[in-house]
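> Sequence first, then the predicted structure, then my questions.
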Amino acid sequence: RLLAACGVLPVPDAILTLADTLIGQGLGPAELQQLRQHMAQLQLAQGEWLFRAGDPGDALYVSLRGDIGLRLPGTGRRLASFAPGVNVGEMSVLDGQRRSADAIAETDLVLLRLAAVDFHRLLAEHPALGARVTQNIALYLAGRLRVVTTELSGWMSRAQAGSGLGVEPDDPDWDGLRQP
């Protein structure tokens, strides 16, 4: 849904180009070439880990083919599944914190890896391009946050309607996650 809303429509079994991805949206040919020079192409087999929760945020990844799953640490429970064109790992690259979830290849993957050091070098050496890439990441994260907020709001409404407790979300005893 998020890809379609952003104008990126995946093609089954095709390998996307950087221009077809969310991080490459709106970049011109010269900018795409500059960005691509900072990235390495990788292939992972289904079931291989991109990273685990707690790992250093040393890179972000952009799927060109295949699906990436984010898993709740220690449980294996799926948080999200991302189709080609989407980036993962960007939060840790931006804030310097450790990974907050596990990322696994749900299918065989072809992806691009942008190391954190190369991302920061791009920002320093090509500030206009760095700003556009950062804006693309910010727009993507904003879209993800909107989806989560909408889903959480729906979940809370259903939980409240089914609880029969009459507790309102603005009640000081209501925290949205546990019943008072």
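Nice, I can see it.
> Look up the residues forming beta bridges with the residue positioned nearest the centre of the chain.
Nearest to the mean C-alpha position of the chain, by C-alpha atoms, centre = their mean, lies V88 at 3.7 Å. V88 forms beta bridges with Y61, as assigned by DSSP bridges.
> Could you find the closest non-adjacent residue to L123?
Residue nearest to L123 in three dimensions, not counting chain neighbours: G130, with 3.6 Å by C-beta to C-beta, 6 or more residues apart in numbering. For every residue, glycine as well, the C-beta is placed using N, CA and C.
> Checking the one you found next. Helix, strand or coil?
Going by DSSP: H, G, I helix; E, B strand; the rest coil, the secondary structure assigned to G130 is helix.
> Let's see the pLDDT reported for it.
At G130, the model reports a pLDDT of 95.
> Who are the contact partners of it?
In this structure, G130 makes contact with F119, L122, L123, A124, judged by C-beta atoms under 8 Å, 6 or more residues apart in numbering.
> Could you measure from it over to L32?
14 Å (C-beta to C-beta, to the nearest Å).
> Ok, H126 next?
Distance from H126 to L32, counting by C-beta to C-beta: 12 Å.
> where do the helices sit along the chain?
Using DSSP state H, the helices found in the chain span residues 2-5, 29-37, 90-95, 116-125, 127-163.
> and of those, who's closest to R65?
R65 sits nearest to helix 2-5 of all the helices of the chain, at 13.8 Å, using C-beta to C-beta.
> Need the mean per-residue confidence for the closest one.
Helix 2-5 comes out at a mean pLDDT of 55.
> Stretch 27-36 now?
Here the average pLDDT along stretch 27-36 is 97.
> contacts for that stretch?
Residues external to stretch 27-36 that are found in contact with it (C-beta under 8 Å, 6+ apart): T17, L18, A19, I23, G24, L112, L114, L122, H126, L129, R132, V133.
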